[in-house]
Each structure stands twice: as structure tokens, then as C-alpha cells.
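Undergrad: Kindly return the folded structure for what I paste below:
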Amino acid sequence: MEPTAIDRKELFKDVRRIVLKIGTSSLTNEDGSFNRQLTENIAKQVAQLRELGKTVIIVSSGAIGIGCEELKMPLRPREIPLRQAAAAVGQNILMREWMAAFDKHNLKVAQILLTYEAFSNRMTYLNLRNSISELLEFGVIPIINENDPICVHEIEATFGDNDKLSAMVASKVEAELLILLSDIDGLYNKNPKKNDDALLINAIEKITPEIESYGGSPTSMKGVGGMRKKIEAPKITSMSGCHMVIANSTAENVVARIVGGEKIGTLFLARDGKYRKNRTRWIILSKAAGKLIVDKGAEEAIRKSRGLLPSGIVGVSGTFDRGDIIEIESEGKVFAKGITDYTSSELKKIKGKHSDMIEKMLGYKNYDEVVRKGNIGLL
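TA: As a prediction, this is how the structure comes out:
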């Protein structure tokens, strides 16, 4: 059920930092050419928002599509090396287009290419956040994309056409609003391209299994995000007090109107409007090196802000070292992430044992707890 009587103008009145994600489908015309009109419209709106004291960070897809067009590929390739080659060619052109669009408003842009590892290393995480903040202080518009040419994983399999990437960026820079622009008006209760009676959902307070079912299969063939993956983004933003809106990029002055509080697209409300500590947010967003399976008692203890003792561990999955991020699972569901103080091989020896047995079995003891309470983030 939708939340009632939401005044978006009131909700967004104090928004100062915005992350704007633009999908491949929006940046590509029907004939496959680049949608230069959109980048120019976006640049104009961003310039207007800056005059109101707001800062905007752009997460831009489109490099692979532009590269395919430039290299005259008849179809978007499935082979990773070809897609990486297309991305390498297209990213240069993509940035040139953004530079030209913002130059008309005397604004400079900066290219930032990211991989998931940037969010998993604590020092890199902090440095990235600081560099983005410095760019904004200089009045520069950061343009972020996944670093496709060097990704060791399948392109877009990790971030999902930058939907997840934009959510992670929004959480990292403590943005109050994330806007996802695509080729659809928002989230419907059924596929609007197949059902004339489909209803657009105005606002969503919590991602339930029913809401996830509305995502269905990907709605756009040009990009790879699809509505299903877009629904994953607010799971991240809501934890950091960031609202999110999915809207159609073809709507006139869509960004400025959304920020102004108009009821456009689907609004995903932040959870309780509270921010998590940066360290907890980093733990949650980091890539896990392995997994610990725990019993119900251990889960209840963790949910009560206690650490994880070896006695509560029933299984160890993956190979990891001390200081790595691990998932914590109970009854088939991952409910937390944490920083382990023991290696996977050590944990296989002491799992299910009382803390008093650690030194006897290993010859040493780091801590009584396997994962200390300050190093755990609940999902």
C-alpha cells in the first residue's frame, strides 16, 4: 500500500546534494545515435539548480552504446572483450559530449571511473568521498561511470547499468536525493507496455516482495538495468537517509521539477530519514570475501547490537583473511555484514566452540568475538 499524503515539496525543501543517474536508453536515440539534446537539457537544469545552492553529481551510462555506434558494430556485442573495446572508445566521446553541454553554462566537468573495489577498500572509499567533495567545492560537476574497460567481472553484472553504482555513490557522498532517469515513467503495478490498465505507483515506503514482483523482467532493451534492478537501488539509498525517484527522461525539465517537489515518477522513501554512520555504511556496501552461517541465537544477539561469538557459527563459506568483509547468514538469509577478526581457515577450526577454547585450538587468541559489534552492519 502506498504512503498517503506525501508532500514532496516539503520533503525535498532541504535537499542540497543530488545524484542524477541517466540510463543508456535515455542517452540513445531510436536510430542509435547519441541524444545530444538530453545532455544539453540536463546541463541547463543542473546549472539552474546550482544557482539555488544545490550540487549535482551525474552517473552516466552510454559508453558502450556510443562505442558500438562509433565502431559501426551492427549489434551490441555479448562478448566481454568487444564490449570493453566499445566502452573504451565510447567513454571518451561520452565525456566530450558532457563537456560541451556544460561548457555552455561555464561549468567544468570531471571524469571519475569506478569499479566495485573502490567501495570495498576503506582507504580508497574515504579518498574517493573526499575527492568528490573537493570537486564540488570547486564548482565542478563529477561525471561518474563504471570503469568497463578494466572490469574483471562481466560488464554491468556488478552494478546493473549503473543503477546500483548510482545508489552506492549517493550513499557515499551523503546525498539527500537520487534521481534515476530512464525510458519509463516510474514503477507500475504491472508492465505498462503490455497492460493498458497498469497503474503508476506514486510513492513506496518499503521494498516488499510484492513491490519487487512489479519489477518483472527488464523493461528496456537498450540498457541492461531494467526495472527489477532499479528496485535494488533504493534498498541501498534508504539505509543512508536518501530518497530516490524513478522518472522518464523525456519529461520536460524533469530534474528541476522533481527537485522542486512536483509529483513526477515513483518516489522511494528513505528508511526513517536517518543516516547511518559512514563506517557502517562502508561495511554494508563493501564486496564480501566470504560468508559465515550462524544459528538463530547468534542472529538474535547480533540484532541486539552484540558481537558474533564462535559458538554461534555453524558454517564457513569462502576463503578470506582477517580484516575482510564477510556476509552473515541465518536460516538461508543474509541479514548482516561485518569485518572478521579471524581467517576462514581459523574459523573452520573454532566454529561452534566456546571462546575459552580459541587459544587452546589455535595457539593464540585475537578476540573472544569473531566479529566485534562495532564492525557489524545490519542489512
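Undergrad: any idea which helix is longest in the chain?
TA: helix 80-103 (DSSP state H).
Undergrad: Which is the succeeding secondary structure element to that helix?
TA: strand 109-114 (DSSP states H and E).
Undergrad: Show me what the mean pLDDT comes to for that following strand.
TA: When pLDDT is averaged over strand 109-114, the result is 93.
Undergrad: next SSE after it?
TA: helix 117-120.
Undergrad: before we move on, the earlier item: between the longest helix of the chain and strand 109-114, how big is the angle?
TA: 160 degrees (axes from the mean of the first three to the mean of the last three C-alpha atoms, to 10 degrees).
Undergrad: Now helix 80-103: buried residues?
TA: For helix 80-103, burial by neighbour count (16 or more other C-beta atoms under 10 Å) applies to 82-87, 89-91, 93-95, 97-99, 101-102. Bear in mind the C-beta positions are built from the backbone N, C-alpha and C, glycine included.
Undergrad: what helices or strands is that helix leaning on?
TA: On a contact count with 3 or more C-beta pairs under 8 Å, 6 or more residues apart in numbering; DSSP states H and E, helix 80-103 meets helix 36-51, strand 55-60, helix 63-70, strand 109-114, strand 141-146.
Undergrad: Switch those over to CSV, and while doing so, append mean neighbour count to every line.
TA: Compiled in CSV, the helices and strands packed on helix 80-103 are given as follows (neighbours: other C-beta atoms under 10 Å):
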stretch, mean neighbour count
helix 36-51, 18
strand 55-60, 24
helix 63-70, 24
strand 109-114, 18
strand 141-146, 23
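Undergrad: can you list contacts of stretch 107-124?
TA: 43, 46-47, 50, 91, 95, 98-99, 102, 125, 128, 131-132, 135, 138-147, 150-151, 153, 158-159, 165, 168-169, 172, 282, 285-287, 325 (C-beta atoms under 8 Å, 6 or more residues apart in numbering).
Undergrad: Send me that stretch as PDB with only the CA atoms.
TA: These are the backbone C-alpha positions of stretch 107-124, laid out as PDB (Å, rounded to 0.1, in the frame of the first residue of the first chain):
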ATOM      1  CA  LEU A 107      30.700  24.800 -15.800                       C
ATOM      2  CA  LYS A 108      33.600  22.300 -15.800                       C
ATOM      3  CA  VAL A 109      33.200  18.500 -15.500                       C
ATOM      4  CA  ALA A 110      35.400  15.800 -14.100                       C
ATOM      5  CA  GLN A 111      35.500  12.200 -15.200                       C
ATOM      6  CA  ILE A 112      35.500   9.500 -12.400                       C
ATOM      7  CA  LEU A 113      35.600   5.800 -13.400                       C
ATOM      8  CA  LEU A 114      34.900   3.300 -10.700                       C
ATOM      9  CA  THR A 115      34.900  -0.400 -10.000                       C
ATOM     10  CA  TYR A 116      33.300  -2.200  -7.100                       C
ATOM     11  CA  GLU A 117      36.700  -2.400  -5.400                       C
ATOM     12  CA  ALA A 118      36.600   1.300  -4.800                       C
ATOM     13  CA  PHE A 119      33.800   0.700  -2.300                       C
ATOM     14  CA  SER A 120      35.400  -2.300  -0.700                       C
ATOM     15  CA  ASN A 121      38.800  -0.800   0.400                       C
ATOM     16  CA  ARG A 122      38.300   1.500   3.300                       C
ATOM     17  CA  MET A 123      41.100   3.900   2.400                       C
ATOM     18  CA  THR A 124      40.000   4.100  -1.200                       C
END
